[in-house]
Structures are given as C-alpha cells and as structure tokens.
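> sharing a model prediction with you, sequence too.
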Amino acid sequence: MGESKAVAALAEVKHQRMRQCADLQKRSTWRPPYALTTALELEAIEMPRLPYGHTRLNRRIMVAVPHANRKYRVDGVAAVVWPFPMDTVCIDRRFVCVAPACTWAMFAAYLDLEELIVLADSMMRRDRRLRRTTVEELIAYLDGARSYAQDSAFEAGSGRLFRGYANCRRALRLARSGTDSSMETRTRLVMPRYGLDMPQVNYPVVVNGRRLYLDLAYPEFMICIEYEGSHHAGQWLNDVTRRQLIEDAGWRYVQVTKLDIGGADEEERLAGRVAKHVREVTGREVMLTKRRTIRQVCDARSTRRRPLYERMGFRPLAPVSPVEPDSEGVAYEYA
C-alpha cells in the first residue's frame, strides 16, 4: 500500500524519455548506452532521492562510456566514465541501457547509503511488471567488479574499485526483495535506527478467505505497519476496509504517512508508537536507543543480533517465517 509510482505513471515517464532518446538518435550517430537516471526512466524503475548538487542528472540524457576519450559533445547529453564491466539491456528494441545491477552500482557515487538501499528495493519489486533484478544479481555484479579490479591491479598496477563500492556491500545487508514502494522502504528503515528489529516485508496472511500482504510486520507480536499514501476517495475506502479486516484478525495496526517520515523527531515518535504496541503485547518495557545512522544499522553485528522476542523469552503469536500462501490456505514455518 506504499506510495509508489503506479505502473501507469512509470510507463508515462518511460515513454516521455523514449521520445527524447528517439529524437537524440535521429540527430546523432553516437550510441553509448543510456545510464543512471535515464536508464531508470527507460526501465520504469522508481527514482531515488538525489542529493542537492546532483540534479543535473535529471536535466540531461545520461550515457556511460568506458574511457574519457570516448566522450563526445552532444547537446543535451552528459556522459559518465565507467571503466568496469558494463552489462546492458535493450528497451523496445531501440534503446540500449546499462543493466539494472550495473546502474545500481553506478549510483553509489551519487546516493547516500539509505537511498542506495531504497534504489535496490525499487529494482526488486513484488509486482513482476516492475521487478528488474535480484539480490543474487546485485551480488554477482559486485563480485565481478571486484574481480575486474583485482585483474587490473595485476596487469596495470591500479585496481581501484569504484566510488561507493563499500556502501553497496553495506546496502545489501538491509535491501529486501518484494517491496511495493520507496516510502515503504524508508518506513522500514526507521525501526532499526532506534534499536527495534527490522520488520518483515509483505508478510502474507489470509483473513476471511482473502489473501492480504501486510506492508511491514512483526508477526511475533502481531503488529503491522502500513504506509498510507495520497489516495482518491475509492482507494481510501478500500484502505479502511483492509484495516478493519486486519484488526478483526487480531493484528495491531500502525498507520504511517509522509508526515511520520523524514525528520528525526517524527521518526522517533513513530518508533515509540511501535515500541508501545510491543510493550502492550508482551507486558515488558521496550527501551528505544539513541538514533543510529543507517551505516550503524548496516553493521554486521547489528544484522546478526538475536530477534527481540528471543531476547525477551517471548513465544511468537504468529509464525515468523511464512511460506507463500497456496490455494488451500496459508502454510507457515517457525524460525
């Protein structure tokens, strides 16, 4: 239910960019692959938040070349140098783009760690129409880039990895496949900033014979967190019905809007609301930590920590490792 760009909206952006690229290809014979923001638009991938100072990436058609001497001056086009392996895909049989995993690695030089996680999630959507890569493919690209750098060091004495490589490795510890929106990802990352466990993504439940996927969930405490975007009246009514079904099934419901995300004070209050529900369910106090950075959250020691319910000695109220529901109902496994 997150505030994602609908398939139709992403398609509209894609077709607008395709028209601009088609015009470019009429007036220039230069054919480097489209890269960065242009590749995202052509591949219908939700755009991350670019930091101030990199807005030029949105103002021009971006392409990538392997060497600086392969750059040409073409009006409205900006080229970036990428000396690492450059996988490509072809869109609509006309537009060659840098492939998603490589595009994600390229963005590491421009995005902070949180937005790098957001972009990885955006490339691995639950909606198959928007799914562009997998965690395995992202890892494989990083492994290939490292091998390339090592080979280059042996042959030419350089061998430096690309800027942001370490952040890519960190981001993969928190990236999740099967998400629905960037705001859902940003909401998910709030909780571990304050010492809570990372909630599960799109936890499946069946209520009154109807299959639902909870945006974010702590099944062990039967707490769900749903991001509510801007809706028209019909969607609002559907959301009210959905919430009623979830609450009738015994789940505690935490509603999140854009007003709860983006500021330290607002996000601490949101984490506090979740902690309050945990306290009410378990009867035990849950103390929030001082706000941590996303880099601290990515620390391997944090990601390997035992779940909160285990540290509390609390028996889960719902299975913590669900298996996808089938036509007969829902099957679960306990972790």
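Thanks, I have it.
> in the chain, which spans are helices?
Per DSSP state H, the chain carries helices over the ranges 7-27, 36-42, 56-59, 100-107, 113-122, 135-156, 165-174, 182-193, 233-248, 264-282, 294-298, 300-303, 308-312.
> what packs against the second one?
Contacts defined by 3 or more Cβ pairs under 8 Å, 6 or more residues apart in numbering; DSSP states H and E place helix 36-42 against helix 7-27, helix 56-59, strand 61-65, strand 95-98, helix 100-107. Backbone N, C-alpha and C define where each C-beta goes, glycine included.
> now these in a markdown table, please, with extra columns for mean pLDDT.
Converted to a markdown table, those look like this (pLDDT from 0 to 100):
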| stretch | mean pLDDT |
| --- | --- |
| helix 7-27 | 93 |
| helix 56-59 | 78 |
| strand 61-65 | 95 |
| strand 95-98 | 97 |
| helix 100-107 | 97 |
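> any idea which of the ones you listed is most buried?
helix 100-107 (a mean of 26; mean count of other Cβ atoms under 10 Å).
> where does the prediction get shaky in this structure?
Low-confidence segments of the chain (pLDDT under 70): 1-5, 153-159, 230-237, 322-335.
> the domain parsing of it - what is it?
Using automatic domain parsing, the domains assigned to the chain come out as 7-174, 182-333.
> roughly how far out does the last one sit from the chain middle?
When C-alpha coordinates are averaged (Cα atoms, centre = their mean, to the nearest Å), domain 182-333 and its chain have centres 16 Å apart.
> repeat for the first one
For domain 7-174, the distance from its own C-alpha centre to the chain's C-alpha centre is 15 Å (Cα atoms, centre = their mean).
> shouldn't Asp260 be in contact with Ala271?
No. Using Cβ atoms under 8 Å, Asp260 is not in contact with Ala271; the gap is 9.9 Å.
> and Leu130, what is it in contact with?
Val7, Leu10, Ala44, Ile45, Glu46 (Cβ atoms under 8 Å, 6 or more residues apart in numbering).
> quick one: closest of the helices of the chain to Ile223.
Across the helices of the chain, Ile223 has its closest neighbour in helix 264-282 (5.0 Å, Cβ to Cβ).
> what residues does that closest one touch?
Contacts of helix 264-282 from elsewhere in the structure, counted by Cβ under 8 Å, 6+ apart, are 187, 190-191, 193-194, 196, 218, 221-223, 225, 252, 254, 256, 259-261, 285-288, 291, 308-309, 312, 314, 317.
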